[in-house]
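*Asks:* make a model of this:
(one chain, ligands or ions: 1)
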Amino acid sequence: MDFYDVIKNRRSYRFYEPKMPEQETIERIIDAARLAPTWANFQGVEYIIVQEPDNVSRIWKAIGQKNKFESAPMFVVGIISPSDSGKNMNDEQYYGVDFGICFEHLILAATAEGLGTCWIGWFNEEKIKEILKIPQKYKVLGLTPLGYPKKEKGAVKDRKSLDNLIHKEKF
Ligand SMILES: Cc1cc2nc3c(=O)[nH]c(=O)nc-3n(C[C@H](O)[C@H](O)[C@H](O)COP(=O)(O)O)c2cc1C
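*Replies:* Model (predicted):
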């Protein structure tokens, strides 16, 4: 898929077919995240592939957004230790930025593969860490179901116009 078609066709999918994506496809998607730029090339973002049905249903419970989603065959859970990123000149931590870049690479690669995702940021982090035995130093910053969408949504709409976003020379 052309790059701009991928951008336009990435949507948040909340209803999935039960079919499991191929392992090779999953690896290609995570490889796209691996190639993302990070703070001083620290590459701190790691990925947990969750496919065991019992773990998948426990993750749904930890997300707790009932009635909004229908079960997906698997999840990718993204984690990063703040110590594996840096701070900017204003002493602000950058690990969230590293995470966002890597996870969006993953999400766009999934779109290019014809798979659906939904970036989920609202979940019980401690429960997810307990289920997946994630060491304390890591932050779980996002996770996504991965699978074939039940129904394609079509291209992105509902966005502000460029006129509302661009400032020329000065604010
Ligand atoms: C950082 C982030 C966190 C999100 N968290 C959730 C979430 O917890 N639950 C959910 O249903 N959607 C979540 N979304 C999806 C957004 O609601 C969605 O991207 C937005 O409404 C635009 O729709 P679209 O992705 O189909 O273009 C999240 C998206 C982002 C980028």
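*Asks:* from memory V156 sits against D5, does it?
*Replies:* No: proximity of V156 to D5 does not meet the contact threshold set by Cβ atoms under 8 Å, at 11.1 Å. All C-beta spots, glycine's among them, are computed from the backbone N, C-alpha and C.
*Asks:* give me every residue in the protein lying close to the ligand.
*Replies:* Residues of the chain lying close to the ligand by Cβ under 6 Å from any ligand atom are R11, S12, Q65, K68, C118, W119, I120, G121, W122, V156.
*Asks:* and the third one, that's in a helix?
*Replies:* Translated: Q65. No: counting by DSSP: H, G, I helix; E, B strand; the rest coil, Q65 falls outside a helix, being coil.
*Asks:* ok now the longest strand belonging to the chain, how far from the chain's centre?
*Replies:* Counting residues, the longest strand found in the chain (DSSP state E) is strand 139-147. Centroid displacement of strand 139-147 relative to its chain, using Cα atoms, centre = their mean, to the nearest Å, is 5 Å.
*Asks:* need the longest helix for this structure.
*Replies:* helix 95-112 (DSSP state H).
*Asks:* that one - contacts with which helices or strands?
*Replies:* In terms of contacts (3 or more Cβ pairs under 8 Å, 6 or more residues apart in numbering; DSSP states H and E), helix 95-112 is packed against helix 3-9, helix 23-34, strand 45-50, strand 74-80, strand 116-117, strand 139-147.
*Asks:* could you check the angle the second one makes with helix 95-112?
*Replies:* Taking axes from the mean of the first three to the mean of the last three Cα atoms, to 10 degrees, one finds helix 23-34 and helix 95-112 inclined to each other by 140 degrees.
*Asks:* strand 45-50 and helix 23-34, what's the angle between them?
*Replies:* 160 degrees.
*Asks:* can you pull the buried residues of helix 23-34?
*Replies:* T25, I26, I29, I30, A32, A33 (16 or more other Cβ atoms under 10 Å).
*Asks:* now swap in stretch 135-155 and tell me
*Replies:* So, applying 16+ other Cβ under 10 Å, buried residues of stretch 135-155: Y138, K139, V140, L141, G142, L143, T144, P145, L146, G147, Y148, P149.
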